[in-house]
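Novice: Got a predicted model here, sequence first, then my questions.
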Amino acid sequence: SWLDAHNTQAYVGLARTQIAAGQPDLALASLKRAGEGIVPARLEVRTLIELQRYGAAASATKPLIGSGASDDDITLAAMANVLAGNTTAASALSSRVTSPEALQRIQRVSGGPLPLAAELYSAGLLKSSSVLLEKLPNTFERNYLLARLRYAQHTKSSLLEAASLLD
């Protein structure tokens, strides 16, 4: 991006690196320079979800649900809409998917906070999943999934917390 300020792929790569480094705000700035397209749009929605900016994430899903959209992109759009409190839009998206697995995922996303957190976890949106789970009362399912999230962080304190949750 330093050598060629018009290299959109460089900005996509930079945004991915910034997301992985825990710098989502910088990633959003890089994505603004990444141009149009499905890849920058997908990264933007995922980043906004991880920042708990659910309304903005739902608004940013328009490129994901256009003609020829993949089931994964439609499911991501459904997750963003449910998180933003727009379950009607998420339900409408269920008619757009082609595989029964994607339809089941959208139905689970709309099924409450625990199934939504599990889908966020499976989509790699670990921070958002963790935020949802922390608000739920202690149950076996909640503690097990939260322990898996803490284990994935793989720090000394998160591993101790994972063990405590499993106990």
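Specialist: Arrived safely, thanks for sending.

Novice: Tell me which residues are up against the one helix or strand in the chain whose mean pLDDT sits lowest.
Specialist: Counting by mean pLDDT, DSSP states H and E, the weakest-scoring helix or strand in the chain turns out to be helix 8-20, with a mean of 83. Applying Cβ atoms under 8 Å, 6 or more residues apart in numbering, the contact partners of helix 8-20 are 1, 4, 24, 26-28, 30-31, 33-35, 37, 39-40, 43, 46-47, 50. C-beta here means a position set from N, CA and C on the backbone, and glycine is covered the same way.

Novice: Quick check: ChimeraX command selecting the buried ones in those.
Specialist: Provided next is the ChimeraX selection string for whichever of these are buried by 16 or more other Cβ atoms under 10 Å:
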select :1,24,27,28,30,31,33,34,39,40,43,46,47,50
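
Novice: how near is the residue lying closest to residue 132 once chain neighbours are set aside to residue 128?
Specialist: Once flanking residues are discounted, residue 132 sits nearest to residue 117: 4.2 Å by Cβ to Cβ, 6 or more residues apart in numbering. Distance check for residue 117 against residue 128: by Cβ to Cβ, to the nearest Å, it reads 8 Å.
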